[in-house]
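Undergrad: Next input, structure requested:
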Amino acid sequence: MTHARLLLLIASAATCLGTEVNDGSATVSPPPADRTCSGPVQSDLLYNISSRLTAAGVPGTYTGDESLAEVVCCDKRAIHLAEPRFSFEAPDIQLFSHLDSSGVTTFYDSVCGIPLFRAPMGRTFADFQADTTEHGWPSFRPAELVQGNVLTDKTTGFVTSKCGTHLGSFLPDARGARWCLDLSCLAGKPQEQAVVEEAASPVLRGASDSECKPVATQSPFDLTSFVSKRWYGQQQMATKYLPKEENYCVYAEYEVLKKKSFWGYSIQVHNYAEEQDRTQHDSKKKICAYVDPAFKTDAKLQVGPCFLPKIKGFSNGPYWIVNYDEALGYALIAGGQPTIQTANGCKTGSGTNDSGLWIFTRARRRDDALVQKVRAMAAAQGFDLSVLRDIDQTNCD
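TA: You can find the predicted model right below:
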């Protein structure tokens, strides 16, 4: 960061935006005739936005005790204006220091708490940060838009949420559609109604508000090709049998047996993982699998200990190949249908069966662009990506 930029940020934080500490009292709303939002701005916005108690620095005449968020998000007199540029980098905000660089963050409406954007999707965290820095305001791409919750007027460029909150501007560039928005209007916390609406979103769920979106597995699917070579884990969900401490040097191998085992298993599974101190966890030949005859696809397997009979939900659990591309060398694997709704999507359990989410690649060396591509596929199926954690594949034998 340049010296000039730092001085600009300090000035914005200390003078233009105000530095008083929010005492939790409600902010004053714009006059009813000028108000566009469905309700008051939340009093405890994320990223320290609630500390901006005045709109000093935003051109125009407003009630002296309207907060920055009330003015730029809810006052139609400021609809053509924005919060000060680079507010997201202000010393007491530092947006990107609060985000999970290996995950996806959901940005919620600062008034009604509905989900608006999820980033990064279809690109790396570094790309998201660079895009935002280039413009000076949080910048999003089409894959990150929560359809139905964001309204874009491509004639005026105005972007609002379906709650009436003014979010910012639609400013396409050479790379395509881009939403450049005010962090003040994206810093909300999910409210109870917002969680219900997110669960009902046809894009994120594709089902009713009481169900998670049914997961579609890879089709067509070539099991022989899938088991032909070793898979290296790049991200995985912690489960009872795969705790977070074992996120090192993870790989999986499969072999179609020449004849079925005593209990009818047709695939030998070999899982391997290490802890940070290089303690090894090797399944050797203890795990087996078979194609689930309940489905008309080879992409849905059942996995369990080789020495136990095949009993679904007891000795065996689902292992679904959700997405797979041999040419690009990736696979998205789920421990069956996710059934647990969260603010960020749906997830499986974390026990022994009906649990887990993995991103595998053929290459051990991490390809961030490829991992982000598969994460976007998982999000499109409605998975909660916050459960995924990076696997360290360095210094492995």
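
Undergrad: Could you look up the SS state of residue 122?
TA: Secondary structure for residue 122, judged by DSSP: H, G, I helix; E, B strand; the rest coil, is coil.

Undergrad: Can you list phi and psi of it for me?
TA: The phi/psi pair for residue 122 (degrees, to the nearest 10) reads phi 70, psi 10.

Undergrad: Give the closest residue to it in space, chain neighbours not counted.
TA: Using Cβ to Cβ, 6 or more residues apart in numbering and skipping residues adjacent in sequence, the residue nearest residue 122 is residue 143, 3.9 Å away. Bear in mind the C-beta positions are built from the backbone N, C-alpha and C, glycine included.

Undergrad: Give me the neighbour count for that neighbour.
TA: For residue 143, the number of neighbouring residues by other Cβ atoms under 10 Å comes to 17.

Undergrad: residue ranges for the strands of the stretch 1-150 of the chain, please.
TA: Using DSSP state E, counting those that start in this stretch, the strands assigned to the stretch 1-150 of the chain run over residues 105-108, 115-119, 139-140, 150-152.

Undergrad: Could you tell me the end-to-end distance of stretch 322-337?
TA: End-to-end distance of stretch 322-337 (Cα to Cα, to the nearest Å): 10 Å.

Undergrad: Mean confidence (pLDDT) on that stretch, please.
TA: When pLDDT is averaged over stretch 322-337, the result is 96.

Undergrad: oh, and call the first residue 52 from now on, that's how I've got it
TA: Let's use 52 as the start, then, which means that last one is stretch 373-388.

Undergrad: quick check, distance from it to the centre of its chain.
TA: Its chain's C-alpha centre and that of stretch 373-388 lie 18 Å apart, by Cα atoms, centre = their mean, to the nearest Å.

Undergrad: Quick one: closest of the strands of the stretch 52-201 of the chain to residue 265.
TA: Set against residue 265 and scored by Cβ to Cβ, the strands of the stretch 52-201 of the chain come closest in strand 166-170, at 20.3 Å.

Undergrad: Residues in contact with that closest one: which ones?
TA: 155-160, 179, 191-192, 195-197, 200-201, 212, 218, 230, 232, 237, 241, 245, 248-249, 252, 255, 394-395, 430 (Cβ atoms under 8 Å, 6 or more residues apart in numbering).

Undergrad: Look up how far residue 350 lies from the residue nearest to residue 173.
TA: 24 Å (Cβ to Cβ, to the nearest Å).

Undergrad: One more: residue 363?
TA: From residue 363 to residue 350 the distance is 17 Å (Cβ to Cβ).

Undergrad: neighbour count winner among these two?
TA: Legend: neighbour count by other Cβ under 10 Å for residue 363 and residue 350, higher for residue 350 (23 against 14).

Undergrad: distance of the more buried one from residue 319?
TA: 18 Å.

Undergrad: Tell me who's in contact with the nearest residue to residue 357 once chain neighbours are set aside.
TA: Nearest non-adjacent residue to residue 357, counting by Cβ to Cβ, 6+ apart: residue 339, 4.0 Å away. Applying Cβ under 8 Å, 6+ apart to residue 339 gives the contacts 312, 314, 316, 318, 319, 320, 354, 355, 356, 357.

Undergrad: Helix, strand, or coil at residue 339?
TA: From three-state DSSP, the assignment for residue 339 is strand.

Undergrad: Any idea what it is bridged to?
TA: Beta bridges link residue 339 to residue 319, residue 355, judged by DSSP bridges.

Undergrad: any idea how far it is from residue 403?
TA: Taking Cβ to Cβ, one finds residue 339 at 15 Å from residue 403.

Undergrad: and what of residue 427?
TA: 29 Å.

Undergrad: Could you do residue 430 as well?
TA: To residue 403, residue 430 is 26 Å away according to Cβ to Cβ.

Undergrad: Which one of the two is surrounded by more residues?
TA: Using other Cβ under 10 Å, the more surrounded residue of residue 430 and residue 403 is residue 430, with 21 against 15.

Undergrad: hang on, the more buried one is in a helix, isn't it?
TA: Yes - the assignment for residue 430 by three-state DSSP puts it in a helix.

Undergrad: quick one: buried residues of stretch 86-99?
TA: 86, 87, 88, 91, 92, 93, 96, 97, 98, 99 (16 or more other Cβ atoms under 10 Å).

Undergrad: meant to ask about stretch 275-294
TA: Buried positions in stretch 275-294, judged by neighbour count with 16+ other Cβ under 10 Å: 277-278, 282-290, 292-293.

Undergrad: Please apply the same query to stretch 351-363.
TA: Neighbour counts over stretch 351-363 (16+ other Cβ under 10 Å) mark 351, 352, 353, 354, 355, 357, 361 as buried.

Undergrad: picking up where we left off before, could I get the buried residues of stretch 86-99 as JSON lines with distance to residue 325 and pLDDT?
TA: Listed next are the buried residues of stretch 86-99 as JSON lines, based on distance: Cβ to Cβ, whole Å; pLDDT from 0 to 100:
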{"residue": "86", "distance to residue 325": "57", "pLDDT": "74"}
{"residue": "87", "distance to residue 325": "55", "pLDDT": "79"}
{"residue": "88", "distance to residue 325": "51", "pLDDT": "86"}
{"residue": "91", "distance to residue 325": "51", "pLDDT": "89"}
{"residue": "92", "distance to residue 325": "48", "pLDDT": "91"}
{"residue": "93", "distance to residue 325": "44", "pLDDT": "92"}
{"residue": "96", "distance to residue 325": "42", "pLDDT": "93"}
{"residue": "97", "distance to residue 325": "36", "pLDDT": "94"}
{"residue": "98", "distance to residue 325": "36", "pLDDT": "94"}
{"residue": "99", "distance to residue 325": "39", "pLDDT": "92"}
